[in-house]
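Trainee: here is my input; please provide its structure:
(one chain, ligands or ions: 1)
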Amino acid sequence: MIELRDVSKVYRHGGREVTALEGVSLRVAPGEVFGVLGHSGAGKSTLIRCVNLLERPTAGEVKVEGRDMLALGPRELRQARQGIGMIFQHFNLFSAQTVAENIAYPLAIAGWPPGRIRERVDELLSLVDLSDKAWAYPAQLSGGQKQRVGIARALAPRPRVLLSDEATSALDPETTRAVLGLLRDINRQLGLTILLITHQTEVLKEICRSAAVLERGRVVEQGKVIDLLALPGARLSALCYPPFTAGSWSVRPGGRPGGRLVCLSLAGDAAAQPVFAVLARRFGVDATLLEGTVERVGGVPVGRLLVELTGAPDALEQALSHLREQRCLSEAVAHA
Ligand SMILES: Nc1ncnc2c1ncn2[C@@H]1O[C@H](COP(=O)(O)OP(=O)(O)OP(=O)(O)O)[C@@H](O)[C@H]1O
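Mentor: Here you go, the predicted model:
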């Protein structure tokens with residue numbers, strides 16, 4: 001489990017101050033994959049580096065697996081870090097060492113006997129499907145393979161927590177999916193708690209159960225990914241889905257006068273309902289689909305649709321109330 005409470009970080013250089021984090025609180029439940037999404041400069045790297053104290057917060061509290069990180073002395077901190085693995089955007093492998101040596105490195109530092117190191121390295125090579133690359137050097141590997149070495153090295157001392165600093169940002173989409181699949185498997189098999197930072201919304205949708213949105217050093221939204229995607233007006237939803245081209249639709253040729261353009265957010269049960277049929281049968285309102293996507297997030301269908309509703313004015317109002325009650329109406333865009 002990871003808990004940050006009111007964490008702030010101010011960088012000071014020669015009389016200049018940069019506030020990278022301000023009053024950040026978040027809680028990552030045991031065994032959860034939690035993503036922090038934010039634009040460049042939002043403070044994501046600073047935040048994740050405050051968890052294992054690669055950066056020391058200026059104020060606040062950091063707890064990992066119940067341990068108050070800021071209260072630890074240098075030796076205890078070194079020990080605590082053994083329980084917190086970390087992977088990086090540019091892999092951070094030692095170029096002059098083989099894959100096996102890279103993976104063995106944290107174990108040698110921790111003083112494991114050579115026999116146990118060999119056994120553990122073999123186990124990890126098999127876990128990340130790189131047994132045939134044990135004696136290769138990083139330069140001889142693809143980006144995806146390098147990141148799998150990074151993951152094996154991070155997992156070597158059997159940490160309970162894994163930090164991922166933009167681990168898939170340097171990879172192509174297909175390799176990204178493969179690495180995310182590996183992280184998901186590891187999370188499930190080992191019950192590892194994973195905190196990742198990313199600017200890629202696909203990463204959140206692909207593997208995170210919960211997420212926080214970071215803007216200018218502050219957490220502006222936090223919750224279950226599926227809930228935030230379904231929540232009308234949520235920042236995460238706005239970041240994940242491009243805005244509709246409502247303006248061009250409002251003068252849609254053939255659009256009936258009095259029709260209403262509305263934006264629907266559907267997730268889980270709501271997405272599984274025959275929404276359009278209900279509007280037609282119960283209210284006599286027709287819905288024409290103009291734009292939208294439906295995809296599966298964490299195995300749950302999530303849709304965001306722009307539709308034109310047409311019908312008698314009273315019927316339209318009733319249909320809109322119904323959609324509001326069902327928490328499907330994300331915004332009433334315009335009159336057609
Ligand atoms: N060592 C440092 N010294 C001074 N300022 C820093 C330092 N590291 C980061 N900053 C500043 O803190 C702010 C947050 O930076 P940070 O790297 O945490 O953001 P980020 O969201 O990870 O950005 P990116 O996605 O571009 O890596 C930025 O204004 C940055 O310039």
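
Trainee: residue 210 bridge partners, please.
Mentor: For residue 210, the beta-bridge partners are residue 34, residue 224 (DSSP bridges).

Trainee: do the one 4 residues further on as well
Mentor: For residue 214, the beta-bridge assignment (DSSP bridges) gives partners residue 219.

Trainee: now residue 313. Nearest residue, chain neighbours left out?
Mentor: residue 258 (6.5 Å; CB to CB, 6 or more residues apart in numbering). All C-beta atoms are positioned from the backbone trio N, CA, C, and that covers glycine.

Trainee: same thing with residue 283?
Mentor: residue 319 (4.3 Å).

Trainee: identify the residues contacting the one helix or strand that neighbour maps to?
Mentor: Under the criterion of DSSP states H and E, residue 319 resides in helix 313-325. Defining contact as CB atoms under 8 Å, 6 or more residues apart in numbering, one finds that helix 313-325 is touched by 258, 260, 262, 264, 275, 278-279, 282-285, 309-311, 329, 332.

Trainee: could I get the average pLDDT for it?
Mentor: Taken as a whole, helix 313-325 has an average pLDDT of 91.

Trainee: so how far is that helix off the chain centroid?
Mentor: Its chain's C-alpha centre and that of helix 313-325 lie 35 Å apart, by CA atoms, centre = their mean, to the nearest Å.

Trainee: buried stuff in that helix?
Mentor: Using 16 or more other CB atoms under 10 Å as the test for burial, helix 313-325 gives 315, 316, 318, 319, 320, 322, 323.

Trainee: equivalent analysis for stretch 64-76, please.
Mentor: Buried positions in stretch 64-76, judged by neighbour count with 16+ other CB under 10 Å: 64, 65, 67, 69, 70.

Trainee: and the nearest residue to the second one once chain neighbours are set aside, how far from residue 194?
Mentor: Spatial nearest neighbour of residue 65, chain neighbours left out: residue 160 (5.7 Å); criterion: CB to CB, 6+ apart. In this structure, residue 160 and residue 194 are 11 Å apart, going by CB to CB, to the nearest Å.

Trainee: what of residue 118?
Mentor: 27 Å.

Trainee: the two: who's more crowded?
Mentor: A side-by-side neighbour count of residue 118 and residue 194, using other CB atoms under 10 Å, places residue 194 first with 24 against 14.

Trainee: okay, the closest residue to residue 310 other than its chain neighbours: pLDDT?
Mentor: Spatially, and ignoring its direct neighbours in sequence, residue 310 is nearest to residue 259 (4.2 Å; CB to CB, 6+ apart). With respect to pLDDT, residue 259 has a value of 82.

Trainee: list the contacts of the residue in the stretch 151-300 of the chain positioned nearest to the ligand.
Mentor: For the stretch 151-300 of the chain, the residue positioned closest to the ligand under CB to the nearest ligand atom is residue 199, at a distance of 5.7 Å. Residues in contact with residue 199 (CB under 8 Å, 6+ apart) are 37, 38, 39, 40, 44, 166, 169.

Trainee: how does it look with 7 Å?
Mentor: Listed by CB atoms under 7 Å, 6 or more residues apart in numbering, the contact set of residue 199 reads 37, 38, 39, 40.

Trainee: on that earlier part again, near the ligand too, which of the buried residues of stretch 64-76?
Mentor: Taking CB under 6 Å from any ligand atom as the test, the ligand is in contact with none of the buried residues of stretch 64-76.

Trainee: secondary structure added to those, as JSON lines?
Mentor: As requested, the buried residues of stretch 64-76 are exported to JSON lines (DSSP: H, G, I helix; E, B strand; the rest coil):
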{"residue": "64", "secondary structure": "strand"}
{"residue": "65", "secondary structure": "coil"}
{"residue": "67", "secondary structure": "strand"}
{"residue": "69", "secondary structure": "helix"}
{"residue": "70", "secondary structure": "helix"}
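
Trainee: closest one of those to residue 102?
Mentor: Residue 102 lies nearest to residue 64 out of those, by CB to CB, at 24.3 Å.

Trainee: can you get me a residue count around the nearest residue to that closest one once chain neighbours are set aside?
Mentor: Once flanking residues are discounted, residue 64 sits nearest to residue 2: 5.5 Å by CB to CB, 6+ apart. Neighbourhood size, residue 2 [other CB under 10 Å]: 24.
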